[in-house]
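[1] missing the sequence, but the structure's below:
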Ligand SMILES: [Zn+2]
């Protein structure tokens, strides 16, 4: 079965990661210069809220948070290969809930720990080879890679579709490809998001190959 997939380009940003967030240590290969894990992992997370727009899904830098309600929906629908971590919620002095929300209390939020981070995609930007030292993938800009990179960010025409290698996917409803920054989600997770309030949801196209 091949579900519809999308890249999750952005969702509401109601604040930022706070100073009490700590990333687990990354290691950098001397030969290829790639630091891993590519998408950071955290040992503790603080989200510093400026406001709450009413969205049950919010994003930080390469991180995603869901409300307890959305977490429950995801568990009920069996959205696969995610874990949930407690976070420390801090509110700025001037914090307020958007008056349009109509609720006085903000729900609890959880960090979405995306477990699978190395599904393969076909990159029009990079050539993928294996580093002889660390034995992991490394990426080199293709001859016309810069063209695609620029088109990707300034696309007025149809945007590039991210091509995901179906054989490398094992049914995860949220996952990363190592050479792509944003998470890729299936229609199942998207339908969970759409059951509750969300703000500023921007999706990109992804297709199976
Ligand atoms: Zn290496």
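    It's in. Note that the structure is predicted; figures quoted are calculated from it, not measured.
[2] How about the backbone phi and psi for residue 100?
    phi -70, psi -20 (degrees, to the nearest 10).
[3] Tell me how many other residues crowd it.
    Residue 100 has 7 neighbouring residues, counting by other C-beta atoms under 10 Å. Where C-beta positions appear, they are placed from N, C-alpha and C, glycine not excepted.
[4] please begin residue numbering at 41 from this point
    Renumbered: residue one is now 41, and that last one reads residue 140.
[5] What's the per-residue pLDDT of it here?
    pLDDT recorded at residue 140 is 88.
[6] Surely it touches residue 91?
    No: here residue 140 lies out of contact with residue 91, judged by C-beta atoms under 8 Å, at a distance of 11.2 Å.
[7] Nearest residue to the most centrally placed residue in the chain in space, please, no chain neighbours.
    Note on the chain: the residue nearest the mean C-alpha position is residue 223, at 3.5 Å, using C-alpha atoms, centre = their mean. Nearest non-adjacent residue to residue 223, counting by C-beta to C-beta, 6 or more residues apart in numbering: residue 48, 4.9 Å away.
[8] Just grab the bridge partners of the one you found for me.
    Beta-bridge partners of residue 48, counted by DSSP bridges, are residue 243.
[9] Residues of this structure that sit close to the ion?
    Residues of the chain lying near the ion by C-beta under 5 Å from the ion: 69, 71, 72, 171, 173, 174.
[10] If we go by neighbour counts, what in the helix or strand bottoming out on mean pLDDT in the chain is buried?
    Ranking every helix and strand in the chain by mean pLDDT, DSSP states H and E puts helix 185-194 at the bottom, with a mean of 70. Buried positions in helix 185-194, judged by neighbour count with 16 or more other C-beta atoms under 10 Å: 185, 189, 191.
[11] how much space between the nearest residue to the second one once chain neighbours are set aside and residue 151?
    Nearest non-adjacent residue to residue 189, counting by C-beta to C-beta, 6+ apart: residue 165, 5.2 Å away. Look at residue 165 and residue 151: by C-beta to C-beta, to the nearest Å, they are 29 Å apart.
[12] Would you check how far apart the residue nearest to residue 174 when sequence neighbours are not counted and residue 216 are?
    Leaving aside its chain neighbours, residue 174 sits nearest to residue 69 (4.1 Å; criterion: C-beta to C-beta, 6+ apart). Distance of residue 69 to residue 216, computed by C-beta to C-beta: 19 Å.
[13] Between the two, tell me which one has more neighbours.
    Applying other C-beta under 10 Å to residue 69 and residue 216 shows that residue 216 carries more neighbours, namely 22 against 15.
[14] Enumerate every residue touching that one.
    Going by C-beta atoms under 8 Å, 6 or more residues apart in numbering, residue 216 touches 78, 79, 154, 156, 157, 158, 159, 223, 224.
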